[in-house]
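Asker: Sequence isn't available, so here's the structure alone:
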C-alpha cells in the first residue's frame with residue numbers, strides 16, 4: 001500500500017470534514033486537527049510553495065476590496081512565504097483562504113476553530129477577545 005502525499009492527505013481530511021456536517025471535529029477533537037496539520041507540515045518542509053498553488057490555485061477574485069484577491073495572494077507569497085515551506089507556513093496558508101479548493105478551505109476553518117477551542121479550554125477566554133484586548137479594544141458587557 002502506498003503512502004498518501006501531503007496534498008492528498010489534506011484533501012481526504014477536508015472531504016471527511018465536509019462529509020460530516022453534523023460532527024464538529026474542531027470542537028470535539030481539536031488536538032486531532034492540529035496534530036494532522038503538524039504532520040502534513042513536517043512532510044512539506046523545504047518543498048516548493050509553488051507546488052501548493054499548482055494544486056490549489058490562488059483565489060480568482062480580482063477586486064481589491066480589502067479581502068483576499070489574486071494580487072494580494074501573490075504579494076503574500078513573495079513577502080511572507082518565500083519559495084519553500086518553512087515552519088508555520090502551512091498553517092498560515094490554510095487559515096488565509098486565499099486559494100480555490102473547498103476541502104482545503106474546510107481544513108483551514110477547522111484549524112482556526114481548533115486553535116480557538118483549545119485556547120478557550122486552557123484560558124477560559126475567547127481567543128478573539130484576547131486578540132482584541134491586546135490591540136487596545138475594550139469590551140463592556142451589559143446584561144439583558
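Answerer: All right, it came through fine. Remember, predicted model here, so these are calculated numbers, not experimental data.
Asker: Give me the number of neighbouring residues for the residue lying closest to residue 123 once chain neighbours are set aside.
Answerer: Excluding the flanking residues, the one nearest residue 123 by Cβ to Cβ, 6 or more residues apart in numbering is residue 130, at 7.3 Å. (Each C-beta comes from the backbone N, C-alpha and C, glycine too.) Residue 130 has 13 neighbours, counted by other Cβ atoms under 10 Å.
Asker: Please, which helix or strand holds residue 130?
Answerer: Assigned by DSSP states H and E, residue 130 falls within helix 127-134.
Asker: which residues touch that helix?
Answerer: 115-116, 119-120, 123, 139 (Cβ atoms under 8 Å, 6 or more residues apart in numbering).
Asker: Closest one of the residues you listed to residue 45?
Answerer: Residue 45 has its nearest neighbour among the contacts of helix 127-134 in residue 115, at 20.2 Å by Cβ to Cβ.
Asker: wait, is that closest one part of a helix?
Answerer: Yes. Under DSSP: H, G, I helix; E, B strand; the rest coil, residue 115 sits within a helix.
Asker: Quick check, residue 25 in contact with residue 109.
Answerer: No. Judged on Cβ atoms under 8 Å, residue 25 makes no contact with residue 109 at a distance of 10.8 Å.
Asker: quick one: the helices in this structure?
Answerer: 6-19, 25-28, 30-44, 49-55, 70-76, 89-96, 102-123, 127-134 (DSSP state H).
Asker: what is the mean pLDDT for the fifth one?
Answerer: When the per-residue pLDDT values of helix 70-76 are averaged, the result is 88.
Asker: what comes up buried for that helix?
Answerer: 70, 72-73, 76 (16 or more other Cβ atoms under 10 Å).
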